[in-house]
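*Asks:* Structure, please.
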Amino acid sequence: PLDHPALQAVARAMGRAFGRKILFTREGGSGPAADLRDVLGAPVLFLGISVPSDGWHAPDEKVELDLLLKGVETTAHLWGELATALGR
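*Replies:* Next up is the predicted model:
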């Protein structure tokens, strides 16, 4: 759910890294990720750091280095945000 505290933590962490409000696209995965959620009872979060033109899983897949580095920065911010959001 968009109002889940863990997802809001991701949005805040991305907002800090990118310097702007983060918008949601309502994309994500299922399969093994959904199984993890069901078995562990823990939220599964997707942190997207690429764009569709990167050709995910294609023979010519690429990544934009500046977005990759923003993903690293987001991840660094995320740990503190999750601890605060989940009361740990």
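
*Asks:* and residue 51, how many neighbours?
*Replies:* 11 (other C-beta atoms under 10 Å). The C-beta positions use only the backbone N, C-alpha and C, and glycine is treated the same way.

*Asks:* And the one 4 residues further on, by the same measure?
*Replies:* Residues lying near residue 55 (other C-beta under 10 Å) number 13.

*Asks:* so who does it touch?
*Replies:* 61, 62 (C-beta atoms under 8 Å, 6 or more residues apart in numbering).

*Asks:* Can you tell me how far it is from residue 38?
*Replies:* Separation of residue 55 from residue 38 (C-beta to C-beta, to the nearest Å): 31 Å.

*Asks:* for this protein, what helix or strand is lowest in average pLDDT?
*Replies:* helix 32-40 (a mean of 83; mean pLDDT, DSSP states H and E).

*Asks:* Show me what the next helix or strand after that one is packed against.
*Replies:* Using DSSP states H and E, the helix or strand that follows helix 32-40 towards the C-terminus is helix 65-85. Taking 3 or more C-beta pairs under 8 Å, 6 or more residues apart in numbering; DSSP states H and E as contact, the helices and strands that helix 65-85 lies on are helix 5-18.

*Asks:* Alright, calling it a day.
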